[in-house]
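**Student:** test case, fold it:
(chains A and B)
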2 protein chains.
Amino acid sequence: MIPTLKVKPSSQLLKLEDYIINHSCDIELWFRNQWKEYQPPFYASVDLRNSGFKLAPVDTNLFPAGFNNLCDTFLPLSIQAASIAIEKICPEAKKVMIIVESHTRNIFYLKNIYALSEIIKNSGLEVKIGTLDPEISESFFLKIKKNLSIKIEPITRNGNNVSIKVDNKNFYQPCAIILNNDLSGGEPEILKGITQNVIPPLRAGWHKRKKSDHFTQYNKVVSEFSQFTNIDSWLINPYFEKLDNLNFQERKGENELASIVSNMLQNISKKYKEYNITQEPYVVVKANSGTYGMGIMIIKNSEDVLNLNRKIRKKMSVIKGGEVVTEVIIQEGIHTEETIEESVAEPVIYMIDRFVVGGFFRVHTTKEKDENLNSPGMHFIPQPFETSCIMPDQGRPCDDEANRFYAYGVIARLALIAASRELQE
Amino acid sequence: MIPTLKVKPSSQLLKLEDYIINHSCDIELWFRNQWKEYQPPFYASVDLRNSGFKLAPVDTNLFPAGFNNLCDTFLPLSIQAASIAIEKICPEAKKVMIIVESHTRNIFYLKNIYALSEIIKNSGLEVKIGTLDPEISESFFLKIKKNLSIKIEPITRNGNNVSIKVDNKNFYQPCAIILNNDLSGGEPEILKGITQNVIPPLRAGWHKRKKSDHFTQYNKVVSEFSQFTNIDSWLINPYFEKLDNLNFQERKGENELASIVSNMLQNISKKYKEYNITQEPYVVVKANSGTYGMGIMIIKNSEDVLNLNRKIRKKMSVIKGGEVVTEVIIQEGIHTEETIEESVAEPVIYMIDRFVVGGFFRVHTTKEKDENLNSPGMHFIPQPFETSCIMPDQGRPCDDEANRFYAYGVIARLALIAASRELQE
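**Tutor:** Model prediction:
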């Protein structure tokens, strides 16, 4: 099932989608040339928003945790892409270890780990699942469904390698470590200086990574892409600004934030006027590092920044891992106008290496379209894409299912290029 | 639907399948190492036979013509693999031309061309379809189903390039030429010395290629593969011998042929005794170059070679393109014991670059299990594989659907490596 757009897509967005569908060969050639220069991350997911007048990424995750939400039909696509990624990064690899998030028994996350490990196993590698949690000293099983458990094992450091103890004599020594832990809590001691391949590299973790760096790169990618599409890059790019030296608890930096928000709201208004958009502009303030929808607020009026109540200030102060927020990005909000049975639906695109392997909609039944759909504790209903994202069809309307998904895949890959440049040493 | 084996798989074959499923990681690593040394053909299909005691390739086609028979569900897998192949062979390519078989209006073949062109188009390339037929001077359309035609266009040579005339001023000049014409009639003048990439290279055509070269390479590949599987290589390798200086019309070489056949039947008998196989051994005599099931005969008794009637001698003398047969290979016959609703079913595996992208069963409702299922004019019913060939599942029986298909994919890839070595300059 594909969501319906509540609003009629604007003529500008249709023009862009139309361009993308009818110039898929030019676009693919453009991508091929990009991948000659940049090394894509091992995997990534990109959250998109489609407002009917704008189609753009709002977040790029380098530790995707929803492989269980992809349509089973396209699993072979993930397997094939993973085998290509492995072949390129570590062709001699036979054994890998997936490092999972610590302290979680979230059934959906564990199902993701199972799905990911199956993909990697089928791409021809032995897989074990390791945890960084120092409190875990013994392997244990977590049940993910009837008759199916996954085994989580503690990691051991031996010299410049990490391994998993098999018995008193034997260690499982992986050739590569696949991180599915976003390192919000910092670079783990046990992984520092190991000689094994770490995929993605440690610097991709949220202890180092900044959303502002990502969107700075995205700006450049979009500007290059827009040169040949000859379409206003704003249609695929949300405004953003960065602000540091903040302290929400101590109300430090509130005025600067209010001023940036005010400017951005004005800029959005101008664009809305230009395109005859009657929606109310809003911005999203997010911690510059971090994920899980923590440290995020929606602002429609710059004065609201000056009147944040204690609860919101507290919420904005700390993100996952207990890190204090001192830097934020202020990002243009994109109204989600896609709905499935009246519920807001946000597409998430999954990529392995440079390939779009699938996606799903986060469908939320209670939230409003301008709320963040990835907030903590949120129980979205995943709706897997039932069509692949790699089959543009010039013979059909540009907002036809396969074509819309192809356009999603193109925009998501622009964010992927941004991530590649961001991670480049 | 998966065919049922009429016979119980032998313990040896089950042991092999079991090994393949349970050592898929070692096998994939072995393949990864092969592909570091050898460049796989752009595409290939491999005809397999499963006799319940033996699973082996009987033919490897470098101009596969059944893309229309693959399951639509796995189309994205072909697209992704094609994009990898193109990226590697000619990353700068934007336009390609598929050269089709001349003189054919066979609807199934045309559907294959349409399916192939869609795969390549979706992998991000412009595609036009060219013909070598010198009698065709104007583009024309051939209808392949309601509201769907394909356009076949004559090819023009300009200097060191071939192109398709668009109008009086413009030419469509492809960066690469994809051959789907097996060149049985010889190397076409118009393609000689062109600077464009020809995929697969001209030397892959049946004017040059010899089955005996392929199976010589296959022998070596299987011997290497068997070293680490530690299983009798005969289980996946049919005996073969080559014989040249033949002339069936003039009865030249009949005695030599009879002697080879006699020896081979004895060798097969020995193996049958070793494995307690009660089937009647047979061999297949095939033109050493050529395809379409022409120039093929089944022999169960070496004396039959000396008593070939005029009709058979005539049939064996000439293959597609009118070429005279002077060389044959004598190949151990493999009983097809797979059946779908009482009909003999022969698996065909499709590969693009080094990836198994799907397959189908050639199901024939009238032929016997020891007859050739690819004989001229034969109207087989294709039964697409409904499961991909890349998902071995150690948790399930080794002859489970996904696992049997995985084993098929492994054996087919052994033949693919043989083809890679065969084509290596």
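**Student:** let me see the mean pLDDT of the top helix by length along chain A.
**Tutor:** Counting residues, the longest helix in chain A under DSSP state H turns out to be helix A:401-423. Helix A:401-423 carries an average pLDDT of 94.
**Student:** now the closest residue to residue A:263 other than its chain neighbours: which helix or strand?
**Tutor:** With sequence-adjacent residues excluded and distances taken as CB to CB, 6 or more residues apart in numbering or on different chains, residue A:263 is closest to residue A:241, at 7.9 Å. To be clear about C-beta, it is placed using only N, CA and C from the backbone, and glycine gets the same treatment. For residue A:241, the enclosing helix or strand under DSSP states H and E is strand A:240-243.
**Student:** what's the helix or strand that that strand is followed by packed up against?
**Tutor:** Per DSSP H and E, the first helix or strand lying C-terminal to strand A:240-243 is helix A:254-274. The contact analysis (3 or more CB pairs under 8 Å, 6 or more residues apart in numbering or on different chains; DSSP states H and E) places helix A:254-274 against strand A:240-243, strand A:283-287, helix A:302-306, strand A:328-332.
**Student:** residue A:284 bridge partners, please.
**Tutor:** residue A:298, residue A:331 (DSSP bridges).
**Student:** hmm, residue A:295 and it touching each other?
**Tutor:** No: in this structure, residue A:284 is not within contact of residue A:295 by CB atoms under 8 Å, at 10.9 Å.
**Student:** the strand holding residue A:241 pairs with which strands, and in what direction?
**Tutor:** Here, using DSSP bridges, strand A:240-243 pairs with strand A:328-332 (antiparallel).
**Student:** lowest average pLDDT across the helices and strands packed on helix A:254-274?
**Tutor:** Mean pLDDT, when computed for each of the helices and strands packed on helix A:254-274, is lowest for helix A:302-306, at a mean of 85.
**Student:** elements contacting that one?
**Tutor:** helix A:254-274.
**Student:** tell me the buried residues in the helix it packs on?
**Tutor:** A:254, A:257-258, A:260-262, A:264-265, A:267-268, A:271 (16 or more other CB atoms under 10 Å in any protein chain shown).
**Student:** need the residues of the stretch 51-200 of chain A near chain B, please.
**Tutor:** A:73-77, A:79-81, A:83-84, A:86-87, A:91-95, A:121-126 (CB under 8 Å from any CB of the partner chain).
**Student:** and if we set it to 10 Å?
**Tutor:** A:73-77, A:79-81, A:83-84, A:86-87, A:90-96, A:118-119, A:121-127, A:147-148, A:175 (CB under 10 Å from any CB of the partner chain).
**Student:** returning to what we had before: shared neighbours of residue A:284 and residue A:295, anything?
**Tutor:** Here residue A:284 and residue A:295 have residue A:328 as joint contacts, going by CB atoms under 10 Å, 6 or more residues apart in numbering or on different chains.
**Student:** ok, the residue nearest to residue A:263 - contacts?
**Tutor:** Contacts of residue A:241 by CB under 10 Å, 6+ apart are A:212, A:215, A:257, A:259-261, A:263-264, A:267, A:283, A:328-332.
**Student:** now for these: which two are most distant?
**Tutor:** Greatest spacing in these, by CB to CB: A:215 and A:259 (19.5 Å).
**Student:** give me the neighbour count for the residue in the stretch 101-250 of chain A positioned nearest to chain B.
**Tutor:** Going by CB to the nearest CB, chain B is nearest to residue A:124 of the stretch 101-250 of chain A, at 2.3 Å. Number of residues near residue A:124 (other CB atoms under 10 Å in any protein chain shown) recorded here: 24.
**Student:** helix/strand/coil for it?
**Tutor:** coil (DSSP: H, G, I helix; E, B strand; the rest coil).
**Student:** would you mind giving the domain segments of chain A?
**Tutor:** Chain A breaks down by automatic domain parsing into domains covering A:4-66+A:208-423, A:75-204.
**Student:** winner for burial among those domains?
**Tutor:** domain A:4-66+A:208-423 (a mean of 20; mean count of other CB atoms under 10 Å in any protein chain shown).
**Student:** how far does it stretch from start to finish?
**Tutor:** 36 Å (CA to CA, to the nearest Å).
**Student:** how far does that domain sit from the chain's center?
**Tutor:** 9 Å (CA atoms, centre = their mean, to the nearest Å).
**Student:** distance of residue A:260 from residue A:325?
**Tutor:** 16 Å (CB to CB, to the nearest Å).
**Student:** closest one to residue A:223 among the helices and strands packed on helix A:254-274?
**Tutor:** Across the helices and strands packed on helix A:254-274, closest to residue A:223 is strand A:240-243 (CB to CB), at 14.0 Å.
**Student:** quick one: name whatever helix or strand follows the host helix or strand of residue A:346.
**Tutor:** Using DSSP H and E, residue A:346 falls within strand A:343-352. Later in the chain than strand A:343-352, the nearest helix or strand by DSSP H and E is strand A:355-364.
**Student:** and that next one with chain B, contact?
**Tutor:** Yes: applying CB under 10 Å from any CB, one finds strand A:355-364 touching chain B at A:355-358.
**Student:** what strands flank that strand, and is each parallel or antiparallel?
**Tutor:** strand A:343-352 (antiparallel), strand A:381-384 (antiparallel).
**Student:** so which of those gets nearest residue B:58?
**Tutor:** Going by CB to CB, the one of those nearest residue B:58 is strand A:343-352, 35.2 Å.
**Student:** now that closest one against helix A:401-423, angle please.
**Tutor:** 60 degrees (axes from the mean of the first three to the mean of the last three CA atoms, to 10 degrees).
**Student:** average model confidence for strand A:343-352?
**Tutor:** Mean predicted confidence for strand A:343-352 is 91.
**Student:** from residue A:165, how far off is residue A:190?
**Tutor:** Counting by CB to CB, the gap from residue A:190 to residue A:165 is 14 Å.
**Student:** identify the contacts common to the two.
**Tutor:** A:155-156.
**Student:** any idea which of the domains of chain A scores lowest on pLDDT?
**Tutor:** Minimum mean pLDDT among the domains of chain A: domain A:4-66+A:208-423, a mean of 87.
**Student:** helix/strand/coil for the closest residue in space to residue A:352 that isn't next to it in sequence?
**Tutor:** Leaving aside its sequence neighbours, residue A:352 sits nearest to residue A:81 (CB to CB, 6+ apart; 3.8 Å). Three-state call for residue A:81 (three-state DSSP): helix.
**Student:** so who does residue A:81 touch?
**Tutor:** Residue A:81 neighbours (CB under 10 Å, 6+ apart): A:42-43, A:119, A:123, A:350-358, B:77, B:80, B:84.
**Student:** for residue A:41, same thing?
**Tutor:** With CB under 10 Å, 6+ apart, residue A:41 has these contacts: A:60-64, A:85, A:199-201, A:204, A:351-354, A:416, A:419-420, A:422-423.
**Student:** distance check, the closest residue to it other than its chain neighbours against residue A:122.
**Tutor:** Spatial nearest neighbour of residue A:41, chain neighbours left out: residue A:200 (5.0 Å); criterion: CB to CB, 6+ apart. Look at residue A:200 and residue A:122: by CB to CB, they are 21 Å apart.
**Student:** same question for residue A:319.
**Tutor:** From residue A:319 to residue A:122 the distance is 35 Å (CB to CB).
**Student:** my guess is residue A:160 contacts residue A:194. True?
**Tutor:** Yes: using CB atoms under 10 Å, residue A:160 makes contact with residue A:194 at a distance of 5.6 Å.
**Student:** hang on, isn't residue A:240 packed against residue A:267?
**Tutor:** No: Residue A:240 lies out of contact with residue A:267 (CB under 10 Å); the separation is 11.0 Å.
**Student:** pull up the overlap in contacts between these two.
**Tutor:** Joint contacts of residue A:240 and residue A:267 (CB under 10 Å, 6+ apart) are A:283, A:332.
**Student:** for the residue of the stretch 251-400 of chain A found nearest chain B, what are its contacts?
**Tutor:** Nearest to chain B in the stretch 251-400 of chain A, going by CB to the nearest CB, is residue A:388, at a distance of 4.0 Å. Taking CB under 10 Å, 6+ apart, we find residue A:388 in contact with A:71, A:73-74, A:77, A:356-359, A:402, A:405-406, A:409, B:73, B:75-77, B:79-80, B:122.
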